[in-house]
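> Have a look at this fold, sequence not included:
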């Protein structure tokens with residue numbers, strides 16, 4: 001494949017890159033990654049403040065594209081698709097983090113302490129009798 005066909009002016013043609021990624025062309029995937037990674041990280045940082053987590057989410061999107069390239073749709077607005085997938089990936093990461101950061105353990109401990117106090121008082125009452 002010629003680079004001239006891929007380029008329109010100074011920009012690479014998204015549709016041709018996408019088609020060649022589907023065919024397993026690693027060079028096209030690298031060009032695609034270089035073109036969109038910085039843009040998607042900037043977008044991701046508008047959704048989440050931690051840059052490293054955003055970068056990981058964006059990298060995951062590109063890994064998924066490569067791994068599942070055989071299942072990608074031919075007729076897709078590539079840029080819109082990427083923004084939607086990054087948005088979804090970051091929201092899922094936030095939801096997962098929110099789930100694991102909920103303070104459910106202290107409530108459980110309070111319940112045990114309350115149960116222990118009630119149980120001990122009855123046992124102590126029984127022993128004293």
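Here it is on my side, so go on. None of these values were measured; they are calculated from a predicted model.
> Buried ones in stretch 13-21, by neighbour count?
Of the residues in stretch 13-21, 14, 16-18, 20-21 count as buried by neighbour count, 16 or more other CB atoms under 10 Å. Any C-beta I mention is one placed from the backbone N, CA and C, and that applies to glycine too.
> do the same with stretch 77-92
78, 81-83, 85-87, 89-90.
> before we move on, what about stretch 46-55?
53-54.
> Show residues contacting that stretch.
41, 44-45, 57, 87, 90-91, 93-94 (CB atoms under 8 Å, 6 or more residues apart in numbering).
> would you list those in TSV and tack on pLDDT?
Formatted as TSV, the contacts of stretch 46-55 follow (pLDDT from 0 to 100):
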residue	pLDDT
41	97
44	96
45	95
57	96
87	96
90	95
91	94
93	90
94	86
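> circling back to that earlier point, so of the buried residues of stretch 77-92, which ones are in helices?
Among these, DSSP state H puts 78, 81-83, 85-87, 89-90 in helices.
> Adding distance to residue 64, write the residues you listed out as TSV.
Shown next, in TSV, are those (distance: CB to CB, whole Å):
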residue	distance to residue 64
78	14
81	11
82	11
83	15
85	8
86	11
87	14
89	9
90	14
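> from those, which is closest to residue 72?
residue 81 (8.8 Å; CB to CB).
> measure the closest one to residue 71 for me?
Counting by CB to CB, to the nearest Å, the separation of residue 81 from residue 71 is 13 Å.
> same deal with residue 82?
16 Å.
> for residue 37, same thing?
According to CB to CB, residue 37 and residue 71 sit 22 Å apart.
> Compare the two (neighbour count), which wins?
Set residue 37 next to residue 71 and count neighbours by other CB atoms under 10 Å: residue 37 wins out with 16 against 7.
> Find the residue closest to that one in space, skipping its chain neighbours.
residue 58 (6.2 Å; CB to CB, 6 or more residues apart in numbering).
> okay, now the one you found: neighbour count?
Per other CB under 10 Å, the neighbour tally for residue 58 reads 25.
> Thought residue 60 was touching residue 86, still the case?
No: taking contacts as CB atoms under 8 Å, residue 86 lies outside contact range of residue 60: 9.2 Å.
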